[in-house]
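Visitor: okay, structure incoming, though there's no sequence with it:
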């Protein structure tokens, strides 16, 4: 028997990524349907690629975060709207209100630290410079790791050559 696994003709990695992003959409949809009220102590850190197709953020944020950005949905957000492929939300950055439109495909991490839950996603490779912390009136996002036995799901299907 061969020790190498053959390349799959079924795109399992894409299917799993899509399913896990649907979890984010469902959770955000429930929050939006409840009038934007987060239940209990739940709050979310959402990291996304700012240069991904479909991302619509103000120019001053794109200049500050040319590659990746983390937003916090906790106390100071409004107008959360969730569609089939994206969501939009209004946040304040240094007292400047801004509406962000983020496709689910652009998300690279979703964390709910209140229950130690997190998801990490593969992202399309976009070359850009390092960025500063988001600073949208919230504390720094926690590290998403699974070494501590938390409920973090990280899916990484390596492509074989």
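Guide: Received the coordinates, thanks. Just so we're clear, the structure is a prediction, and the values are computed from it rather than from any experiment.
Visitor: okay, now the unreliable bits of the protein?
Guide: 1-2, 123-161 (pLDDT under 70).
Visitor: show me the helices in it, by range?
Guide: 12-33, 59-64 (DSSP state H).
Visitor: which residues in this protein form strands?
Guide: Taking DSSP state E as the criterion, the chain carries its strands at 44-49, 68-73, 77-82, 86-93, 96-103, 107-112, 117-120, 151-154.
Visitor: need the ones you listed in a markdown table with mean neighbour count, can you?
Guide: (Glycine included, C-beta is placed from N, CA and C.) Putting the strands of the chain into a markdown table (neighbours: other C-beta atoms under 10 Å) gives the following:
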| stretch | mean neighbour count |
| --- | --- |
| strand 44-49 | 22 |
| strand 68-73 | 22 |
| strand 77-82 | 17 |
| strand 86-93 | 18 |
| strand 96-103 | 16 |
| strand 107-112 | 22 |
| strand 117-120 | 21 |
| strand 151-154 | 15 |
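Visitor: most tightly surrounded among the helices of the chain?
Guide: Highest mean neighbour count among the helices of the chain (mean count of other C-beta atoms under 10 Å): helix 12-33, with a mean of 15.
Visitor: just want the angle from that helix to strand 107-112.
Guide: Counting by axes from the mean of the first three to the mean of the last three C-alpha atoms, to 10 degrees, helix 12-33 lies at 50 degrees to strand 107-112.
Visitor: helix 12-33: how far from the chain's middle?
Guide: 10 Å (C-alpha atoms, centre = their mean, to the nearest Å).
Visitor: with stretch 50-59 instead?
Guide: For stretch 50-59, the distance to the chain centre is 13 Å (C-alpha atoms, centre = their mean).
Visitor: contact partners of it?
Guide: Residues outside stretch 50-59 that contact it (C-beta atoms under 8 Å, 6 or more residues apart in numbering) are 48-49, 61-62, 65-69, 85-86, 98-103, 105-106, 123-124, 126, 128.
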